[in-house]
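**Q** sequence first, then the predicted structure, then my questions.
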Amino acid sequence: VLWRLPQSDAAIHCLRQLPPSAPCGPLLCVGDENGGIRLWDTRMCGSHDVSAISKNGGRKGACVMSWEDNEDYISGFEHNADGTTLLASSADCTMSIMDIRKAINPQTRKESFRQSDNQEDELLSIQLLKHGKKVVCGTQQGVLAVWSWGIWGDVSDRFPGHPASIDALLKVDEDTILTGSSDGLIRLVQLHPDKLLGVLGEHDGYPVEKLQFNADRSFVGSSSHDNLIRLWDARFLNDDFDGDEDDEDEEEEDTKIGGVVAAAAPSKTKHESDDDWSDDEEEEEKDDDDMDEDSDDDDDGNGEEPTANDRRSKRLKTDNEKFFEDL
């Protein structure tokens with residue numbers, strides 16, 4: 001153990017480290033059971049001078065900033081790309097927004113903290129999507145609450161549909177997240193347009209508390225109250241996944257073979273026939289067939305190309321399919 005945080009009156013509930021580009025460096029964000037938020041400088045934690053006074057002018061040790069405005073436990077942290085703004089979801093039904101640039105300046109310290117409107121629903125998880133333009137929180141009632149960046153009062157959108165609380169969120173890409181729910185299911189969800197794509201896995205009815213990718217994003221790990229960490233194949237969630245190429249190649253080969261046989265048959269009939277009227281009729285039939293094929297091609301051309309989430313949803317089971325499978 002390199003260092004320990006000083007003992008606190010409240011248990012630690014969540015942790016998050018700011019990026020090195022943050023105005024105050026890579027501070028460790030700590031949220032506790034009483035709603036307290038503290039930022040620790042781990043570089044000072046390694047010092048033997050435990051009586052060092054921090055930058056906030058009164059707290060000993062390496063705690064450089066703290067807020068005590070939330071009334072219930074802090075459930076999660078998120079921050080923007082450069083680490084200038086820290087977000088915290090709380091079970092007191094609000095989201096807290098902290099401007100780190102103002103927090104490090106004693107003159108603007110009081111202006112650094114803002115809080116959303118009370119949502120009358122506990123916020124249990126938080127994630128940033130849409131290239132930092134949207135903030136998504138999972139709630140106790142199974143609703144995904146969505147804020148637009150910079151408009152911190154009330155939500156801009158709500159996506160209901162989960163039958164139980166959403167305790168964990170994991171970002172797949174800028175439009176897609178995995179949700180871990182207290183009904184034990186891990187779901188793939190698309191936002192704007194809102195769509196439930198399917199179920200990735202389950203923990204046999206035990207609440208899912210945490211979701212995380214491994215280093216190469218080939219697996220998703222999930223932890224639950226069943227005292228198990230389960231790993232799920234997540235390769236198909238990656239944009240460069242090519243698992244369907246073999247199937248597509250086989251379909252193309254079948255199509256080519258069928259096309260050669262189909263084209264050879266009328267050609268042979270035409271050359272073997274000595275009847276001019278028969279040849280004319282065959283030409284008319286061929287023209288009609290060509291027109292039908294062109295029409296079919298036009299119809300196919302009007303269809304939209306399947307998106308990445310369309311391909312992902314084909315590999316997942318829906319809630320209904322999962323329900324009947326378990327019966």
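**A** Sure thing, it's come through. Numbers count the residues shown, from 1 in each chain.

**Q** now residue 76, nearest residue through space, not along the chain?
**A** With sequence-adjacent residues excluded and distances taken as C-beta to C-beta, 6 or more residues apart in numbering, residue 76 is closest to residue 126, at 4.3 Å. Backbone N, C-alpha and C define where each C-beta goes, glycine included.

**Q** name the element that neighbour belongs to?
**A** Using DSSP states H and E, residue 126 sits within strand 123-129.

**Q** helix or strand right after that strand?
**A** Remark: after strand 123-129, the chain's next helix or strand is strand 134-139, criterion DSSP H and E.

**Q** which residues does that following strand contact?
**A** For strand 134-139, contacts defined as C-beta atoms under 8 Å, 6 or more residues apart in numbering pick out 78, 87, 89, 95, 119, 121-129, 144-149, 156, 162, 165-169, 177, 179, 191-192.

**Q** which of these count as buried?
**A** Neighbour-count burial (16 or more other C-beta atoms under 10 Å) applied to the contacts of strand 134-139 gives 78, 87, 89, 95, 119, 121-129, 144-147, 149, 162, 165-169, 177, 179, 191.

**Q** those in strands, which ones?
**A** Judged by DSSP state E, the subset of those located in strands is 78, 87, 89, 95, 123-129, 144-147, 166-169, 177, 179.

**Q** could you list the low-pLDDT ranges of the stretch 201-327 of the chain?
**A** Scanning the stretch 201-327 of the chain for pLDDT under 70 picks out 240-304, 312, 315, 317, 319-327.

**Q** got the end-to-end distance for stretch 65-80?
**A** Start-to-end span of stretch 65-80 (C-alpha to C-alpha, to the nearest Å) is 18 Å.

**Q** and it, what's buried?
**A** Quick answer for stretch 65-80 (16+ other C-beta under 10 Å): 65-67, 69-70, 73-80.

**Q** show me those residues that map onto helices.
**A** Members of these lying in helices (criterion: DSSP state H): none.

**Q** need the residues you listed in CSV with distance to residue 17, can you?
**A** Shown next, in CSV, are the buried residues of stretch 65-80 (distance: C-beta to C-beta, whole Å):
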residue, distance to residue 17
65, 14
66, 16
67, 17
69, 22
70, 20
73, 19
74, 15
75, 17
76, 14
77, 9
78, 12
79, 9
80, 14
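
**Q** check those and tell me the two furthest apart.
**A** For the buried residues of stretch 65-80, the farthest-apart pair by C-beta to C-beta is 73 and 80; their separation is 23.3 Å.

**Q** now stretch 13-29: buried residues?
**A** 13-14, 16-18, 22-24, 27-29.

**Q** looking at these, which gets the smallest pLDDT?
**A** In terms of pLDDT, residue 24 ranks lowest among the buried residues of stretch 13-29, with 89.

**Q** tell me the contacts of residue 118?
**A** 92-94.

**Q** which of those ranks first by neighbour count?
**A** Highest neighbour count within these, by other C-beta atoms under 10 Å: residue 94, with 22 neighbours.

**Q** what score does it have for pLDDT?
**A** We have a pLDDT of 97 for residue 94.
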